[in-house]
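Engineer: Compute the structure for the input listed below.
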Amino acid sequence: MMTNLFSSFDPSTSMNLSLNWLSIMLGLIVLPSMYWIIPSRINFLWYKICLTLSNEFKIILKIKSMKISVLMFVSLFSLILFNNFLSLFPYIFSSTSHLVLTLTLSLPLWLSFMIFGWINNTTSMLAHLVPQGTPPVLMPFMVCIETISNIIRPGTLAIRLTANMIAGHLLLTLMGSTGNKLSLIMINVLVLSQLLLLLLESAVAIIQSYVFSILSTLYSSEVN
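Structural biologist: Next up is the predicted model:
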């Protein structure tokens, strides 16, 4: 029984153990079959998606061949997409709606970009702090603004993904909790609206995983 509106996002079980985090590993169940069974249309579709993403990431990163960085961002997209979709199923824990997971993904990426950039491209990193054409009077303020905007990048990445996933799940929960108080006609309307909202949440799951990976790629391209 749901004690409050946010209990569906509680990672604890009845034993007060955070076993619900094991739902992150459920996406791995889908992956091995792609390499061991006869290729199907789903495998071909996933291959085309990964190929399209890798080509787009290579354009952003300005490289001509497949490198480990492109594979990393495609894997990041796959991980977030699997977890976003799994959270739409009943009784499966929504791991991407927690800052613990999203910050774990965004903070190490951003920190590695910063360390690499300041060690290998110090002059370029300093140049990014002052946009071209800035008047000399505004340069100290621009340095402060650019520094703050750079520091909050991992937080904005994590909060954007978390907030979008929480909003959709809360709306589904709120609408579903009113079903026992409605008439038969209104229940049909509720079911139809829930299906449309679930379709919207599926689109949000794809868009947010793409936004997270593409912004990480853009942040990586700035330090090269």
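Engineer: count of neighbours near the nearest residue to Glu56 once chain neighbours are set aside?
Structural biologist: Distances taken as CB to CB, 6 or more residues apart in numbering place Ile214 nearest to Glu56, at 7.7 Å, with adjacent residues excluded. Any C-beta I mention is one placed from the backbone N, CA and C, and that applies to glycine too. Neighbours of Ile214 under the rule other CB atoms under 10 Å: 16.
Engineer: Test for you: state the pLDDT assigned to Ile214.
Structural biologist: With respect to pLDDT, Ile214 scores 92.
Engineer: list the buried ones in the one helix or strand Ile187 maps to?
Structural biologist: Using DSSP states H and E, Ile187 sits within helix 184-221. Applying a neighbour-count criterion of 16 or more other CB atoms under 10 Å, one finds 201, 204-205, 208-209, 211-217, 219-221 buried in helix 184-221.
Engineer: Show me what secondary structure element comes after the lowest-mean-pLDDT helix or strand in the chain.
Structural biologist: Lowest on mean pLDDT, DSSP states H and E among the helices and strands of the chain sits helix 33-36, with a mean of 60. Next along the chain after helix 33-36, taking DSSP H and E as the criterion, comes helix 41-61.
Engineer: helices and strands around that next one, which ones?
Structural biologist: Judged by 3 or more CB pairs under 8 Å, 6 or more residues apart in numbering; DSSP states H and E, helix 41-61 is in contact with helix 68-86, helix 184-221.
Engineer: Just send these back as a markdown table, with distance to Gln132 too.
Structural biologist: Putting the helices and strands packed on helix 41-61 into a markdown table (distance: least, CB to CB, whole Å) gives the following:
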| stretch | distance to Gln132 |
| --- | --- |
| helix 68-86 | 27 |
| helix 184-221 | 17 |
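Engineer: Just the pLDDT for Leu126.
Structural biologist: Leu126 carries a pLDDT value of 80.
Engineer: element containing it?
Structural biologist: In the assignment (DSSP H and E), Leu126 maps to helix 122-128.
Engineer: what's that helix packed up against?
Structural biologist: In this structure, helix 122-128 packs against helix 99-120, with contacts taken as 3+ CB pairs under 8 Å, 6+ apart.
Engineer: Return the set of buried residues in the helix it packs on.
Structural biologist: Buried, per 16+ other CB under 10 Å, within helix 99-120: Leu101, Thr102, Leu103, Leu105, Ser106, Leu109, Trp110, Phe113, Met114, Gly117.
Engineer: Specify which member of those is nearest to Met165.
Structural biologist: Comparing those against Met165 with CB to CB places Thr102 closest, at 8.9 Å.
Engineer: The closest one: what's it in contact with?
Structural biologist: Going by CB atoms under 8 Å, 6 or more residues apart in numbering, Thr102 touches Thr96, Leu157, Ala158, Ile159, Leu161, Thr162.
Engineer: Please list all residues in contact with the last one.
Structural biologist: Going back to what we said before, that points to Thr162. Thr96, Ser97, His98, Leu99, Thr102.
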